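J.: quick one, what's the 3D model for this:
(2 chains)
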Amino acid sequence: GQQLNQSPQSMFIQEGEDVSMNCTSSSIFNTWLWYKQDPGEGPVLLIALYKAGELTSNGRLTAQFGITRKDSFLNISASIPSDVGIYFCAGQLNAGNMLTFGGGTRLMVKP
Amino acid sequence: DSGVTQTPKHLITATGQRVTLRCSPRSGDLSVYWYQQSLDQGLQFLIHYYNGEERAKGNILERFSAQQFPDLHSELNLSSLELGDSALYFCASSVGRRGNSPLHFGNGTRLTVT
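T.: Presented below is the predicted three-dimensional model:
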């Protein structure tokens, strides 16, 4: 089946630093999504990407849909303590299909 | 608030028992998905329903079953529970099969099997 490799698995950074994480896949997806999960809660959608090469921003977050459709990255600029959590990438082949999730990147921010 | 409601929030039960987890999707969403998240693990897809019909199955054990009712709420039934079934179970909903409709997740049911 499809596999999503997400890296890094964890990051411990200083407040104010920029963060970059990425996902690669063994096969193509037509939609890439990035979610954040806080402790005790469900994943919350951050950014959705629907077109190869698309670059989309949401505040301090920027994500890109790789041109090969097999990868995506998420950047967070000027990190703040509330950015702490687990970030998941997810790929979807077609609308209505299940999401395949990466293993997550645990982000820790030191004030 | 995602608009997806899951109950109960916590469930503690013994091995061999059976439990039912409930999910109410966002208003207007026809698709419901169930995912399992074990400790410090990613989300594993279990099953997908669209407008009352099963659409796809993932790594769902035969001891587990689900259904989606005419009012579109869904239930996940877990039977003959084992210690390894302890996990967070998430429900997600989306509009359906067409268009760009990302999944929106509930806050999950934490199941502890003792």
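
J.: the strands in chain B, which residues?
T.: Secondary structure of chain B (DSSP state E): strands located at B:5-7, B:10-13, B:19-24, B:31-37, B:43-50, B:53-57, B:64-68, B:74-78, B:87-94, B:104-105, B:109-113.

J.: which residues of chain B lie near chain A?
T.: B:2, B:4, B:31, B:33, B:35, B:41-45, B:48, B:50, B:55-56, B:58, B:90, B:92, B:94, B:96-108 (C-beta under 8 Å from any C-beta of the partner chain). The way it works is simple: take the backbone N, C-alpha and C, and place the C-beta from them, glycine included.

J.: can you flag the buried ones in those?
T.: Among the residues of chain B next to chain A, the ones that count as buried by 16 or more other C-beta atoms under 10 Å in any protein chain shown are B:2, B:4, B:31, B:33, B:35, B:42-45, B:48, B:50, B:55, B:58, B:90, B:92, B:94, B:96, B:101-108.

J.: surely B:Tyr50 meets B:Pro25?
T.: No. B:Tyr50 is beyond contact range of B:Pro25, at 10.9 Å (criterion: C-beta atoms under 8 Å).

J.: joint contacts of the two?
T.: Common contact partners of B:Tyr50 and B:Pro25 (C-beta atoms under 8 Å, 6 or more residues apart in numbering or on different chains): B:Ser31, B:Val32.

J.: beta-bridge partners for B:Leu11, please?
T.: B:Leu111 (DSSP bridges).

J.: swap that for B:Leu21, sorry
T.: With DSSP bridges as the rule, B:Leu21 is bridged to B:Leu76.

J.: tabulate the strands of chain B (a markdown table), appending distance to A:Ser82.
T.: As requested, the strands of chain B are arranged in a markdown table below (distance: least, C-beta to C-beta, whole Å):
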| stretch | distance to A:Ser82 |
| --- | --- |
| strand B:5-7 | 24 |
| strand B:10-13 | 25 |
| strand B:19-24 | 28 |
| strand B:31-37 | 22 |
| strand B:43-50 | 22 |
| strand B:53-57 | 35 |
| strand B:64-68 | 35 |
| strand B:74-78 | 32 |
| strand B:87-94 | 22 |
| strand B:104-105 | 19 |
| strand B:109-113 | 23 |
